[in-house]
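Asker: have a look; sequence and predicted model below, questions after that.
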Amino acid sequence: MKGNRLFEIIYILLDKKNITAKELADHFEVSQRTIYRDIENLSEAGVPIYMTKGKGGGISLLADFILNKAILTQEERKEILAAMQGLNAVNKDEFNGALSKLNSFLGGNNENWIEVDFSNWDKNNDLGEKFTVIKNSIINKNLISFEYFNANGELLERIVEPLKLVFKGQGWYLYAYCRKKEDNRFFKLTRMKSVNVISERFARVVPNKIFTEKDIGYSKELVHVKVRINKKLAFRVFDEFQNYSLDDNGDYIVNLDFPVGDWMFGYLMSFGENIEILEPLHIREEIKSKLINSLNRY
């Protein structure tokens, strides 16, 4: 506890520049005498910390103080390096310089624990480049324009204020304020084409809660669907569902709650001949009708 308190005192002083012993004592719920002992311990450890009396006085650090690696435990150093490696994996080579300096400073090794590749198996995929453009626009608060294919297959033109990149449900999304709709929206990166940065800036901040039914685009009406999936598609069952059971043949029985709409039918039909809709009957009949219509095209 004491080591954590000493570490936190330094960070408080780095942030606030000056603070009284009473304020620190209240923060940590200890006596002022304990705080004075902590200050002495930090000073003996080489931290340039000092106290001034009178009005405006308090506890401070020298203005040019830089946090020494000795303050961090070995585990904390590893966590910092792991976090930086995670950022570097997402941002490719942008953090290489900072990561190299931190690695030397914190006495880490060069073992990289994570690799992120935005592309699929199609070598012509441009998702990584698109991600970088959007990320920089978020940081610099630049508007962006792009063409977007919505769930109805319509090609739309949008100008948005990019707020956050979100990974959800096995895909990357841009959470942004849409100038046309005058509201926050999610845009799937794979459906965004011709992304361009606009010089105009914006000042909007990200709301505390972004995952609402309205933002995600789901209707409030859900339908419960029970399906049987052939054991040949076990890999999809493991990838996409948390809960399932096995029937006597080793096939998978899955219970799902879907938002009502064309997306539901498209998703179920993506399993091809390896899925059977068990209930409800009206969904089973609708899938049957769509399959017959598809067959009649051949």
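Answerer: Arrived safely, thanks for sending. Numbering: from 1, shown residues only.
Asker: would you list every one of the helices in the stretch 1-150 of the chain?
Answerer: Under the criterion DSSP state H, counting those that start in this stretch, the stretch 1-150 of the chain contains helices at 2-16, 21-28, 32-44, 74-90, 96-106, 127-140.
Asker: helices or strands up against the shortest one?
Answerer: It stands for helix 21-28. Helix 21-28 sits against helix 2-16, helix 32-44, strand 58-61, with contacts defined as 3 or more Cβ pairs under 8 Å, 6 or more residues apart in numbering; DSSP states H and E. The C-beta positions use only the backbone N, C-alpha and C, and glycine is treated the same way.
Asker: got CSV for the ones you listed, with mean neighbour count, mean pLDDT and distance to K180 too?
Answerer: Converted to CSV, the helices and strands packed on helix 21-28 look like this (neighbours: other Cβ atoms under 10 Å; pLDDT from 0 to 100; distance: least, Cβ to Cβ, whole Å):
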stretch, mean neighbour count, mean pLDDT, distance to K180
helix 2-16, 14, 73, 41
helix 32-44, 15, 86, 56
strand 58-61, 20, 86, 50
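Asker: which among the ones you listed is found nearest to G171?
Answerer: Closest to G171 of the helices and strands packed on helix 21-28, according to Cβ to Cβ: helix 2-16, at 36.5 Å.
Asker: and the closest one, what does it pack onto?
Answerer: helix 21-28, helix 32-44, strand 58-61.
Asker: domain parsing for the protein?
Answerer: 2-70, 72-106, 127-216, 222-295 (automatic domain parsing).
Asker: could you tell me the least trusted of those?
Answerer: If you rank the domains of the chain by mean pLDDT, domain 72-106 sits at the bottom with a mean of 57.
Asker: contacts for stretch 132-147?
Answerer: 91-92, 155-165, 174, 176, 179, 187, 189, 192-203 (Cβ atoms under 8 Å, 6 or more residues apart in numbering).
Asker: drop anything exposed from the residues you listed.
Answerer: Neighbour-count burial (16 or more other Cβ atoms under 10 Å) is assigned, among those, to 91, 158-163, 165, 174, 176, 187, 189, 192, 195, 202.
Asker: ok, of those, which one's closest to I253?
Answerer: Closest to I253, out of all of these and judged by Cβ to Cβ, is L189, at 33.7 Å.
Asker: tell me what the residue nearest to the closest one when sequence neighbours are not counted is bridged to.
Answerer: Spatial nearest neighbour of L189, chain neighbours left out: W172 (4.4 Å); criterion: Cβ to Cβ, 6 or more residues apart in numbering. With DSSP bridges applied, the residues forming beta bridges to W172 are F167.
Asker: who's in contact with W172?
Answerer: By Cβ under 8 Å, 6+ apart, the contact set of W172 is F118, L127, F131, L165, V166, K188, L189, T190.
Asker: if we go to 10 Å?
Answerer: Residues in contact with W172, defined by Cβ atoms under 10 Å, 6 or more residues apart in numbering, are F118, L127, K130, F131, I134, L165, V166, F187, K188, L189, T190, M192.
Asker: just flag the most distant two among these.
Answerer: The most widely separated members of those, counting by Cβ to Cβ, are F118 and F187 (15.7 Å).
Asker: now the contacts of W172 in JSON lines, with distance to D239?
Answerer: Formatted as JSON lines, the contacts of W172 follow (distance: Cβ to Cβ, whole Å):
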{"residue": "F118", "distance to D239": "18"}
{"residue": "L127", "distance to D239": "19"}
{"residue": "K130", "distance to D239": "24"}
{"residue": "F131", "distance to D239": "22"}
{"residue": "I134", "distance to D239": "26"}
{"residue": "L165", "distance to D239": "22"}
{"residue": "V166", "distance to D239": "20"}
{"residue": "F187", "distance to D239": "24"}
{"residue": "K188", "distance to D239": "18"}
{"residue": "L189", "distance to D239": "20"}
{"residue": "T190", "distance to D239": "17"}
{"residue": "M192", "distance to D239": "24"}
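Asker: of these, just say which sits nearest to I287.
Answerer: When those are compared against I287 (criterion: Cβ to Cβ), the nearest one is K188, at 24.4 Å.
Asker: list the contacts for that closest one?
Answerer: Y148, F149, N150, A151, K168, G169, G171, W172, Y173, L174.
Asker: distance of the residue lying farthest from the centre of the chain from K181?
Answerer: Distance from the C-alpha centroid of the chain, by Cα atoms, centre = their mean, peaks at G54 (47.1 Å). Note on G54: its distance to K181, by Cβ to Cβ, to the nearest Å, is 58 Å.
Asker: swap in V133?
Answerer: Taken as Cβ to Cβ, the span from V133 to K181 is 22 Å.
Asker: more neighbours: which of those two?
Answerer: Using other Cβ atoms under 10 Å as the criterion, V133 and K181 rank with V133 on top: 18 against 10.
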